[in-house]
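S.K.: Here is the input, now give the coordinates:
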Amino acid sequence: MTTPLKAATALAAVLLLILTTPAPAQAANPATKPPVSGSLGTYNVSGVYVAGVSSGAYLATQLHVAYSSRIRGAAVFAAGPYYCAQNNVAQALYGCGDNRYPTNLSALQTYTRTWASYGWVDPVGNLSGDPVYVFHGGNDTTVKKSVTDDLVRYYQHFGASVQYDSGSAAGHGWVTPYGTRGCTATTSPFLNDCGTDPQNALLRKLLGGVNAPNTGPLGGTLIRFSQNTFAVNGWANGLSMDANGFAYVPSSCAAGQSCRLLVALHGCLQGYGSVGTAFVDRANLNQYADTNNLIVLYPQASTAGTNPNGCWDWWGYLGATNYPIKGGAQVETVMNMIRRLDG
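M.R.: You can find the predicted model right below:
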């Protein structure tokens with residue numbers, strides 16, 4: 001019999017299969033800010049967006065669909081459609097990764113419409129016109145292109161405005177100019193340098209335009225805050241979330257200027273417990289945040305307990321069937337952070 005621990009470990013192994021272990025690429029060193037302990041404040045936030053990679057991308061779509069009245073768009077790297085796993089670890093393993101169990105896209109769309117009629121997710125009409133940026137790398141065999149194609153079709157079905165970037169040679173990971181792995185690699189910390197800047201493209205898509213990034217010293221503050229404050233049970237570790245999360249707040253936002261908020265969700269084995277602040281420092285988002293009045297929230301999954309690879313819950317590993325809708329433990333915990341930041 002497959003135990004939850006074995007199932008979760010097997011799934012993470014498939015999602016983040018280490019195909020090669022190349023020497024680290026000679027990546028540029030980004031300007032960074034050491035985190036300072038503090039709490040999340042409330043800012044003059046004019047719009048909320050989500051982005052993620054791998055399991056973080058699946059959580060990003062869960063947040064977007066469940067709260068489309070509040071979240072205005074999404075950027076998705078290396079993932080498939082909303083509710084792809086359908087609370088079934090086998091489907092997650094063999095349908096949402098290598099596509100041996102083809103996804104019934106029509107069924108996923110029907111679930112979404114039905115749940116919207118119940119009020120479990122926001123009305124699907126909110127998705128119409130929403131900007132969505134989707135990235136899939138040509139050497140990503142962890143999540144096959146056909147699975148990401150289904151994500152594109154899912155969003156297009158509901159009228160979202162989708163930009164699909166599938167021309168890169170990237171492996172399974174977050175592509176960034178500050179990546180420490182070669183473009184085609186699929187290995188920790190899953191930050192790949194392909195000589196491109198997808199963050200410029202995704203921010204142009206989500207925000208409608210973008211200023212050049214800050215290439216000098218960062219001017220904002222990186223806050224390390226307690227996630228227990230926002231956990232629906234008061235204990236983040238009990239939800240497979242780390243005790244602490246991070247938020248980058250540009251000085252302009254701290255001074256009260258109108259700013260937008262981007263929630264950036266790492267993938268498996270990419271959170272603080274696995275790679276420290278590598279994703280926070282090298283995702284190439286803080287540099288754009290400084291010049292675009294953009295707060296970046298970095299929630300953190302945990303590697304403790306039954307989630308040793310630090311994945312987000314997109315197949316029901318916490319044991320609850322409501323994980324992709326309003327009331328889902330991780331969905332609501334992240335939403336509590338959003339609510340604090342945008343008042």
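S.K.: Would you mind checking which helix or strand in the protein has the lowest mean pLDDT?
M.R.: helix 4-15 (a mean of 44; mean pLDDT, DSSP states H and E).
S.K.: who's in contact with Ala51?
M.R.: 57, 60, 74-77, 202, 206, 262-265, 285 (CB atoms under 8 Å, 6 or more residues apart in numbering). (C-beta placed from N, C-alpha, C; glycine too.)
S.K.: What ranges does the stretch 201-343 of the chain have for its strands?
M.R.: Ranges of strands within the stretch 201-343 of the chain are 221-226, 244-249, 259-265, 294-298, based on DSSP state E, counting those that start in this stretch.
S.K.: Grab the most central residue of this protein for me.
M.R.: Nearest residue to the geometric centre of the chain (CA atoms, centre = their mean): Gly52, 1.9 Å.
S.K.: Would you agree Val87 falls within a strand?
M.R.: Just so we're on the same page, residue 87 is Asn rather than Val. No. Asn87 is assigned coil when assessed by DSSP: H, G, I helix; E, B strand; the rest coil, not a strand.
S.K.: Quick check, it in contact with Trp314.
M.R.: No. Counting by CB atoms under 8 Å, Asn87 sits too far from Trp314 to count as a contact (10.0 Å).
S.K.: any common contacting residues for those two?
M.R.: Taking CB under 8 Å, 6+ apart as the criterion, Asn87 and Trp314 both touch Tyr323.
S.K.: how far out from the middle of the chain is the host helix or strand of Tyr155?
M.R.: Assigning secondary structure by DSSP states H and E places Tyr155 in helix 145-157. In terms of CA atoms, centre = their mean, to the nearest Å, the centre of helix 145-157 is set 17 Å apart from its chain centre.
S.K.: how about it: buried residues?
M.R.: Val147, Thr148, Asp149, Asp150, Leu151, Val152, Tyr154, Tyr155, His157 (16 or more other CB atoms under 10 Å).
S.K.: tell me which of those is nearest to Leu239?
M.R.: Leu151 (25.1 Å; CB to CB).
S.K.: contacting residues for the closest one?
M.R.: Counting by CB under 8 Å, 6+ apart, Leu151 has contacts Thr61, Val76, Ala79, Gly80, Pro81, Tyr82, Val134.
S.K.: and the third one, what is it in contact with?
M.R.: With contacts defined as CB under 8 Å, 6+ apart, the neighbours of Ala79 are 52-55, 57-58, 60-61, 96, 143, 147-148, 151.
S.K.: mind listing which of those are in helices?
M.R.: Counting by DSSP state H, those place Ser55, Ala57, Tyr58, Ala60, Thr61, Val147, Thr148, Leu151 in helices.
S.K.: Would you point out the most distant pair within those?
M.R.: Top of the distance list for the ones in helices among the contacts of Ala79 (CB to CB): Ala60 and Val147, 15.3 Å.
S.K.: show me where pLDDT drops low in the stretch 51-200 of the chain?
M.R.: Within the stretch 51-200 of the chain, no range satisfies pLDDT under 70.
S.K.: what about Lys144, how many neighbours?
M.R.: 16 (other CB atoms under 10 Å).
S.K.: quick one, phi/psi of it?
M.R.: phi -70, psi 160 (degrees, to the nearest 10).
S.K.: now it: how far from Ala78?
M.R.: 10 Å (CB to CB, to the nearest Å).
S.K.: Then Asn44?
M.R.: Counting by CB to CB, the gap from Asn44 to Ala78 is 33 Å.
S.K.: So these two - more neighbours on which side?
M.R.: Ala78 (30 against 13).
S.K.: list the contacts for that one?
M.R.: 53-54, 57, 135-137, 140, 142-143, 148, 172-173, 267.
S.K.: ranking those residues by neighbours, who comes first?
M.R.: So for those (other CB under 10 Å), the most neighbours sit at Gly267, 34 neighbours.
S.K.: just checking, that residue touches Phe190?
M.R.: Yes. Counting by CB under 8 Å, Gly267 does reach Phe190; the two are 5.8 Å apart.
S.K.: Spit out the residues that contact those two alike.
M.R.: Leu16, Val53, Ser54, Gly173, Trp174.
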